[in-house]
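Engineer: can't give you the sequence, but here's the structure:
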């Protein structure tokens with residue numbers, strides 16, 4: 001076993017991807033079931049995401065889903081990757097995580113992003129506009145203040161005040177700089193854009209200021225990792241998500257996952273084919289030995305403390321097998 005992989009934490013982010021012909025409720029149940037599997041395999045965290053109005057994603061209420069995951073597991077840390085802070089009032093976010101931490105003490109993470117709804121219609125429904133992310137630093141400061149009990153309003157966030165829920169910022173660019181100045185751990189990706197990721201990590205570390213939340217930088221690198229018995233099988237795991245990306249960029253909507261065989265037989269336009277092939281490239285996919293080699297390179301270059309894996313595919317059995325094979329790299333007894 002690689003020493004650098006063995007000393008690195010591995011975690012899972014699941015987006016509750018829907019599958020063609022199956023109801024969204026099944027995707028949510030699959031997320032909870034995957035969390036139990038991940039816990040048994042030794043993954044450190046299991047996070048869920050926030051998306052609104054997306055046909056291919058059932059996870060629209062991450063704190064609600066995190067509660068279901070935490071209730072179904074015993075030891076794995078549970079959190080969000082992330083709650084999109086510009087979409088919510090910081091007081092409400094503090095209250096939600098205060099409830100989670102009160103119910104599941106010592107197991108809750110608060111992953112926070114700065115994205116807003118992807119379409120004008122979703123943003124209108126959320127009561128936000130494209131510029132809402134510009135206030136992220138102030139929103140983040142207000143949110144942390146509710147936990148510290150430093151709000152100047154005379155209002156107290158119950159039961160959040162006085163609790164310690166570790167915050168993480170999911171960001172590149174300005175978001176990473178905000179995280180560094182606030183002294184918070186960061187989740188940075190994706191693995192496909194290595195040079196950009198390395199620049200972001202370096203800038204984050206150079207600007208980091210110790211805080212009550214973290215005394216030193218903590219870097220989580222995030223991306224897709226697919227492991228199978230052959231490199232070809234690992235690449236096929238990527239096919240459903242790659243087609244969903246290509247379809248979204250040519251049709252304006254992100255669809256449920258379709259079977260790999262159905263996609264491979266599909267007649268694509270030249271534009272669709274280019275986007276599809278591009279979406280297949282750059283991920284960590286291959287046999288266990290190939291992925292271990294790639295992981296060592298990424299971890300060596302970034303000095304990351306943790307890897308957050310976000311793999312999605314249509315075949316749930318193959319997805320579970322991939323997570324098992326990956327776990328065998330960092331926890332051989334799993």
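Structural biologist: Good, I have the coordinates. Since this is a predicted model, take the numbers as computed values, not measurements.
Engineer: tell me the helix or strand right after the helix or strand of the chain with the lowest mean pLDDT.
Structural biologist: When each helix and strand of the chain is scored by mean pLDDT, DSSP states H and E, helix 120-126 comes last, with a mean of 71. Remark: after helix 120-126, the chain's next helix or strand is helix 136-148, criterion DSSP states H and E.
Engineer: mind listing what's buried along that following helix?
Structural biologist: 136-137, 139-140, 142-147 (16 or more other C-beta atoms under 10 Å). The way it works is simple: take the backbone N, C-alpha and C, and place the C-beta from them, glycine included.
Engineer: and the next helix or strand past that helix?
Structural biologist: Helix 136-148 is succeeded, C-terminally, by strand 167-170 (DSSP H and E).
Engineer: packing partners of that next one?
Structural biologist: Applying 3 or more C-beta pairs under 8 Å, 6 or more residues apart in numbering; DSSP states H and E, one finds that strand 167-170 contacts strand 108-113, helix 136-148, helix 174-182, strand 186-189.
Engineer: kindly reformat those as JSON lines containing mean pLDDT.
Structural biologist: As requested, the helices and strands packed on strand 167-170 are exported to JSON lines (pLDDT from 0 to 100):
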{"stretch": "strand 108-113", "mean pLDDT": "95"}
{"stretch": "helix 136-148", "mean pLDDT": "93"}
{"stretch": "helix 174-182", "mean pLDDT": "92"}
{"stretch": "strand 186-189", "mean pLDDT": "93"}
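Engineer: could I get those in JSON lines, plus columns for distance to residue 165?
Structural biologist: Formatted as JSON lines, those follow (distance: least, C-beta to C-beta, whole Å):
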{"stretch": "strand 108-113", "distance to residue 165": "5"}
{"stretch": "helix 136-148", "distance to residue 165": "7"}
{"stretch": "helix 174-182", "distance to residue 165": "15"}
{"stretch": "strand 186-189", "distance to residue 165": "15"}
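Engineer: quick one, which of these is nearest to residue 45?
Structural biologist: Ranking the helices and strands packed on strand 167-170 by distance to residue 45, with C-beta to C-beta as the measure, places strand 108-113 first at 6.1 Å.
Engineer: coming back round to it: out of the helices and strands packed on strand 167-170, nearest to residue 86?
Structural biologist: That would be helix 136-148 among these, by C-beta to C-beta, at 6.3 Å.
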